[in-house]
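Asker: Have a look; sequence and predicted model below, questions after that.
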Amino acid sequence: MKITLQNMQDVYRAKLSSVDTMELKGYELIKELFVDSSGMGAADEPALIQSQFKTELTELLKKHGSLTAKITNAGQFQVYVGLFKRNGASKMHKVANNTYMINTENGFIIRLHDTDILSIDYGIITLDSGGFDTHTTKDRMNQFLPARYSVYQKDWAWYIKDSKENKTIPFKDGITLQA
């Protein structure tokens, strides 16, 4: 979300994104602020209260003109607000909704939201749901896996079908396969 002095109150509607993802999208982290999100913090605590946050944000916007704000981490009562400035071209490209391909020196990575769900490096495939056992995660994995593999669900458990070897492997995060 682009923030300027005119719309700085919109910073509270910022979406979640990791610093790593923003850097891959061509942004540079200018500053990450630790902010109280409960409204019950005190000025002498480590997390900035709303007035301190507004002061800090105003100074950064005066210096940089406009910034992109993202929630980079969130806890129960505090959040980290990352303030970014575009610094170059994106190092990843969109391949589906919320899904990006990142080319690496020896292969590629498929990132769904902020989770690297599939990577191929030197012919080794690594799969990771990031704990998000969803239809979309399986769909994206299947979309980019070599044709011999497919991920499916049976009785709430995930499996990988290897049609070349004619075998089924129980899925677990971090599992590696041969490309």
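Answerer: Sure, I can see it.
Asker: what's near enough to touch the closest residue to Val79 other than its chain neighbours?
Answerer: Nearest in space to Val79, with sequence neighbours left out and distances taken as C-beta to C-beta, 6 or more residues apart in numbering, is Ser37 at 4.8 Å. For glycine as for every other residue, the C-beta is placed from the backbone atoms N, C-alpha and C. Ser37 is in contact with 74, 77-79, counting by C-beta atoms under 8 Å, 6 or more residues apart in numbering.
Asker: distance of Ser37 from Gln76?
Answerer: From Ser37 over to Gln76 the distance is 9 Å, taken as C-beta to C-beta, to the nearest Å.
Asker: Next: Ile3.
Answerer: 25 Å.
Asker: and those two? which has more neighbours close in?
Answerer: Ile3 (23 against 6; other C-beta atoms under 10 Å).
Asker: Please name the residues that touch the more buried one.
Answerer: 10-11, 57, 61, 66-69, 83.
Asker: In ChimeraX, how would I select just the buried ones from these?
Answerer: Per 16 or more other C-beta atoms under 10 Å, the buried members of the contacts of Ile3 correspond to this ChimeraX selection:
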select :11,57,61,67,68,69,83
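Asker: Nearest to Asn98 among the contacts of Ile3?
Answerer: Thr68 (17.4 Å; C-beta to C-beta).
Asker: measure Phe144 to Lys167 for me?
Answerer: From Phe144 over to Lys167 (counting by C-beta to C-beta), the distance is 21 Å.
Asker: the strands in the protein, which residues?
Answerer: 2-3, 27-36, 67-74, 78-86, 92-96, 99-104, 107-112, 115-121, 124-127, 149-154, 157-162, 167-170, 175-178 (DSSP state E).
Asker: Quick one: closest of those to Thr136.
Answerer: strand 107-112 (6.9 Å).
Asker: Of all the residues in that closest one, which ones are buried?
Answerer: 107, 109-112.
Asker: same check, this time on stretch 68-75
Answerer: For stretch 68-75, by 16+ other C-beta under 10 Å, it's 68-72.
Asker: again with stretch 18-37
Answerer: Buried, per 16+ other C-beta under 10 Å, within stretch 18-37: 18-19, 21-25, 27, 29, 33, 35-37.
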